[in-house]
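Colleague: A structural model of the following input is requested.
(chains A, B, C and D)
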2 protein chains.
Amino acid sequence: MKKVGFTRSENTRRDAKLTMTEVAKHVGVSAMTVSRAFRQDASVSEETRKRIMDAVDELGYVLDQSAGSLSSRRTGFIAALVPSINNSNFSDTARGITDALENTGLQLLLGYTDYSIEKEEQLIESMLRRRPEGVILTGGSHTPRARRMLEKAGIPVVETWELPENPINYVVGFSNSEAMSLLVRELAGKGYRKFGYIGGTTARDTRGSQRRSGFAKTVEELDLGPPRMISFGVPPISMQQGGQAIVSMLERWPDTEVVLCVSDLSAFGALMECHRRGMRVPEDIAIAGFGDYEISSTCHPRITTINADCYGIGRQAAARLLDALQNGGEAGDEITLTSYKVVLREST
Amino acid sequence: MKKVGFTRSENTRRDAKLTMTEVAKHVGVSAMTVSRAFRQDASVSEETRKRIMDAVDELGYVLDQSAGSLSSRRTGFIAALVPSINNSNFSDTARGITDALENTGLQLLLGYTDYSIEKEEQLIESMLRRRPEGVILTGGSHTPRARRMLEKAGIPVVETWELPENPINYVVGFSNSEAMSLLVRELAGKGYRKFGYIGGTTARDTRGSQRRSGFAKTVEELDLGPPRMISFGVPPISMQQGGQAIVSMLERWPDTEVVLCVSDLSAFGALMECHRRGMRVPEDIAIAGFGDYEISSTCHPRITTINADCYGIGRQAAARLLDALQNGGEAGDEITLTSYKVVLREST
DNA sequence: TTTCGCAGTGTTATCGATAACAAAACCAAG
DNA sequence: CTTGGTTTTGTTATCGATAACACTGCGAAA
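Modeller: Numbers count the residues shown, from 1 in each chain, chains lettered A, B, ... in the order given. Here you go, the predicted model:
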């Protein structure tokens, strides 16, 4: 671990430090009054506040929250961990959180776990060192140590995007398995019989696994023959890999009628690969995805998918946290089910 | 501004607070020794360190960095502002930053400006309150107040993704105008003559404006007739809007041979709209984008674009900052040119 | 006029760690 | 057995704000 940064001496040399006390002297009040002027709820006369704020502008003073949080014991941080920020589903969730936090004075600490619970554990530790007032996680699988740290931290925790068997506190999510099941039933209702599934290989992506098992279970329940499943690549699987996977699928089971993919990205890759090979979608083969990414409503043909309200998950998770914080930070255990819906489009 | 969170009394009621001093007592050493044990460079005997770390595990102690940064005057924060995290170009940059920061003990504070310099100013202020040790910005346009705050903060600032006329400190970027110019020349070399351009309407997206002016300038220089430019939608323009824009383009100038788009997303939307209308790409019309998003190498036909090394911009910006921090935080003014290249594909 | 209450402001102690310096323990060489 | 140097550990002051409480002055009610 390499450390970098200022040493104290270098830093103080830089600039006469400007503290609240300096501002106070300049205005002729006490530091406490300046501190109050920065907070809306505090009792400072309008006239004094104005004089203080004028001095703040003139001197270019910027409040130091690190110092403030030590004495107030409130850091104003919320930690959120997502598997990846390059995936638009999760960046939509992150955006939902950020939007919900706007004007609350809370600052988001965002981290990404790369779909690894070990990395998650490491991030949880480094985030907890910043003393966040609440934590938002993706998924319900964590290392035992991560779980212990979270429980001991005494702050509300929200798990999102899934319905964990044994939640820590709050949950904001939906059943990935049931969502996929719904899609299968819907397509079976349209007459499709020979179902294929494309997803990643490992268990790293728990949401992916849940979707897969929802698929397999439902195909069985509907008595549609043995499920045809291709595992290809380490999650999250790319567009490219979706394309490669559908090739394997068609080699192995050429008469497959409809292919469901773990996400729209792989569905799109599969769709484009079909085009490239001159296959017509949905006439020769139908394709569906999961997540309702922008691409699915834009490409041609438009892709059938599940819309899972990624943005709403973020907003609701943050709202749940804000709520808990206002009630004194007591960690409750409500489960908020988020909505999802099948979006039937031209690809099926 | 609504404030939420614990009051002190609620918080202390929750749990006997666990401080470094508690751990120290438990081990029979001073708090200072515990503090040292947490830092790799400090001189603590291996045996003592082990005893301390055992106690830390047993008690479940988590270091409090808010307190630490107050006394050490080093927060370990790096602030980074990007226009949007839902755009994969910028999330690649964010990822580059995060990766470069890994194992440095630094924590990223990420914010997004929504392409607004007013929002940027607001974010800069709230970030500076956290006393970051360095700042990474996207672009070179800032409000005067934002600029003043940054200059006064006395920490290194890196502007990325562009080449500002009047940089604050460091720059890590490339000329969007020249990159677009290169693309025009490259395509003119392939024989295209009637060039169109699709971009957003306002000046909010400075990189977009620079690309547009690079386009116009080059079309003129090559004597290819008046540039055909469609402005559609508020930046960042979506896939959808790219589709709508190309319709306008073809209504107004039906004989356009090649259309360059401000980003791959609008290019993709345009491409799909052409498919939908039964036009062949590139036979009937050629299309190119900017940014080399995953989609462009996957879709059919694959889209010609500019690869601008988004990830590398992030890594290099962070590296530049780390470097400055190690040299005592002196703000220099080096300009790091990042590479870009034309990627010719099937769409042109 | 006195009393009470409240808005506005000041004083003091403290949050939990770390810098800087001091001291002790240890070790090798003379 | 010293001495001097190095390693390891302890002591004290402090980082910059805020909580808690104290105080002042003023106006309304008695």
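Colleague: when you work out contacts or count neighbours from here on, use the C-alpha atoms and nothing else.
Modeller: Noted.
Colleague: check the gap between the residue of the stretch 201-348 of chain A at minimum distance from DNA strand D and A:Glu133 for me.
Modeller: Per CA to the nearest atom of the strand, the residue of the stretch 201-348 of chain A with the smallest distance to DNA strand D is A:Gly328, at 13.8 Å. According to CA to CA, to the nearest Å, A:Gly328 and A:Glu133 sit 11 Å apart.
Colleague: the two: which has the busier surroundings?
Modeller: A:Glu133 (26 against 18; other CA atoms under 10 Å in any protein chain shown).
Colleague: report pLDDT for that one.
Modeller: pLDDT recorded at A:Glu133 is 96.
Colleague: ok, now how distant is it from DNA strand C?
Modeller: Per CA to the nearest atom of the strand, to the nearest Å, A:Glu133 is found 14 Å from DNA strand C.
Colleague: show me the contacts for that residue.
Modeller: Applying CA atoms under 8 Å, 6 or more residues apart in numbering or on different chains, we find A:Glu133 in contact with A:Arg74, A:Thr75, A:Gly76, A:Phe77, A:Ile78, A:Ala79, A:Ile155, A:Pro156, A:Leu325, B:Gly5.
Colleague: in helices, which of those residues appear?
Modeller: A:Leu325 (DSSP state H).
Colleague: could you dump the contacts of A:Glu133 into CSV and include neighbour count, pLDDT and distance to DNA strand C?
Modeller: Putting the contacts of A:Glu133 into CSV (neighbours: other CA atoms under 10 Å in any protein chain shown; pLDDT from 0 to 100; distance: CA to the nearest atom of the strand, whole Å) gives the following:
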residue, neighbour count, pLDDT, distance to DNA strand C
A:Arg74, 21, 94, 10
A:Thr75, 23, 97, 12
A:Gly76, 21, 96, 15
A:Phe77, 20, 98, 16
A:Ile78, 25, 98, 18
A:Ala79, 22, 98, 19
A:Ile155, 25, 95, 15
A:Pro156, 26, 96, 18
A:Leu325, 21, 93, 18
B:Gly5, 24, 37, 16
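Colleague: got phi/psi on A:Asp57?
Modeller: Per-residue torsions, A:Asp57: phi -60, psi -50 (degrees, to the nearest 10).
Colleague: and the gap between it and DNA strand D?
Modeller: Counting by CA to the nearest atom of the strand - A:Asp57 and DNA strand D are separated by 14 Å.
Colleague: domains of chain A?
Modeller: Per the record, chain A has its domains at A:8-63, A:75-174+A:311-339, A:176-307, by automatic domain parsing.
Colleague: rank those by pLDDT, which is bottom?
Modeller: Among these, domain A:8-63 scores lowest, with a mean of 84.
Colleague: and the helices in chain A?
Modeller: A:8-14, A:20-27, A:31-37, A:46-59, A:65-72, A:88-101, A:117-128, A:144-153, A:176-189, A:206-221, A:239-252, A:264-276, A:294-298, A:310-326.
Colleague: is any residue of the shortest one near chain B?
Modeller: Yep, that's helix A:294-298 we're talking about. Yes: using CA under 8 Å from any CA of the partner chain, helix A:294-298 comes into contact with chain B via A:Glu294, A:Ile295, A:Thr298.
Colleague: can you tell me which of those residues has the most neighbours?
Modeller: Of all the residues of helix A:294-298 next to chain B, the highest neighbour tally under other CA under 10 Å goes to A:Thr298, namely 22 neighbours.
Colleague: spit out the contact partners of it.
Modeller: A:Thr298 neighbours (CA under 8 Å, 6+ apart): B:Met239, B:Gln240, B:Gly269, B:Met272.
Colleague: from DNA strand C, how far off is the residue lying closest to A:Lys152 once chain neighbours are set aside?
Modeller: For A:Lys152, ignoring the flanking residues on the chain, the nearest one in space by CA to CA, 6 or more residues apart in numbering or on different chains is B:Gly60 at 7.6 Å. According to CA to the nearest atom of the strand, B:Gly60 and DNA strand C sit 12 Å apart.
Colleague: and for B:Gly60, the neighbour number?
Modeller: 16.
Colleague: and A:Glu251, by the same measure?
Modeller: Neighbour tally, A:Glu251, other CA under 10 Å: 11.
Colleague: measure it to B:Glu273 for me?
Modeller: 31 Å.
Colleague: now swap in A:Gln316 and tell me
Modeller: Going from A:Gln316 to B:Glu273 by CA to CA gives 35 Å.
Colleague: for chain B, what is the nearest residue in the stretch 201-348 of chain A?
Modeller: Nearest residue of the stretch 201-348 of chain A to chain B (CA to the nearest CA) works out as A:Leu325 at 4.6 Å.
Colleague: do stretch A:134-143 and chain B meet?
Modeller: No: figure legend: stretch A:134-143 not in contact with chain B (CA under 8 Å from any CA); closest approach 9.3 Å.
Colleague: what's that stretch in contact with?
Modeller: A:77-83, A:117-118, A:120-121, A:155-167, A:206-207, A:317-318, A:321, A:325.
Colleague: just the buried ones from those, in PyMOL syntax?
Modeller: In PyMOL syntax, the buried subset of the contacts of stretch A:134-143 is picked out as below (16 or more other CA atoms under 10 Å in any protein chain shown):
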select buried, chain A and resi 77+78+79+80+81+82+83+117+120+121+155+156+157+158+159+160+161+162+163+164+167+206+207+317+318+321+325
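Colleague: give me the neighbour count for the closest residue to DNA strand C within the stretch 51-200 of chain A.
Modeller: Taking CA to the nearest atom of the strand, DNA strand C has its nearest neighbour within the stretch 51-200 of chain A at A:Ser71, 3.0 Å off. Residues contacting A:Ser71 under the criterion other CA under 10 Å number 12.
Colleague: was I right about A:Asn307 contacting A:Gly289?
Modeller: No: if you go by CA atoms under 8 Å, A:Asn307 and A:Gly289 don't touch, sitting 9.7 Å apart.
Colleague: now do the end-to-end distance for stretch A:79-95.
Modeller: 14 Å.
Colleague: is that stretch anywhere near chain B?
Modeller: Yes: Stretch A:79-95 comes into contact with chain B (CA under 8 Å from any CA), by way of A:Ile85, A:Asn86, A:Asn87, A:Ser88, A:Ser91, A:Asp92, A:Arg95.
Colleague: where neighbours are concerned, which of these has the most?
Modeller: A:Ile85 (27 neighbours).
Colleague: check contacts around that one.
Modeller: With CA under 8 Å, 6+ apart, A:Ile85 has these contacts: A:Ser91, A:Tyr112, B:Ile85, B:Ser91, B:Arg95.
Colleague: now the domains of chain A in TSV, with distance to B:Val342?
Modeller: Output for the domains of chain A, formatted as TSV (distance: least, CA to CA, whole Å):
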stretch	distance to B:Val342
domain A:8-63	44
domain A:75-174+A:311-339	23
domain A:176-307	21
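Colleague: can you say which of these is nearest to B:Leu265?
Modeller: domain A:176-307 (8.9 Å; CA to CA).
Colleague: A:Leu183 touches A:Thr348, doesn't it?
Modeller: No: in this structure, A:Leu183 is not within contact of A:Thr348 by CA under 8 Å, at 11.1 Å.
Colleague: more neighbours, the two?
Modeller: Counting neighbours by other CA under 10 Å for A:Leu183 and for A:Thr348 shows that A:Leu183 has the greater number, 25 against 22.
Colleague: leaving out sequence neighbours, find the closest residue to the more buried one.
Modeller: That would be A:Val342: by CA to CA, 6+ apart, it lies 6.2 Å from A:Leu183.
Colleague: could you measure from the one you found over to B:Trp253?
Modeller: A:Val342 is 39 Å from B:Trp253, by CA to CA.
Colleague: the more surrounded of A:Asn307 and A:Gly289?
Modeller: The neighbour count for A:Asn307 versus A:Gly289, taken as other CA under 10 Å, is higher for A:Gly289 (29 against 17).
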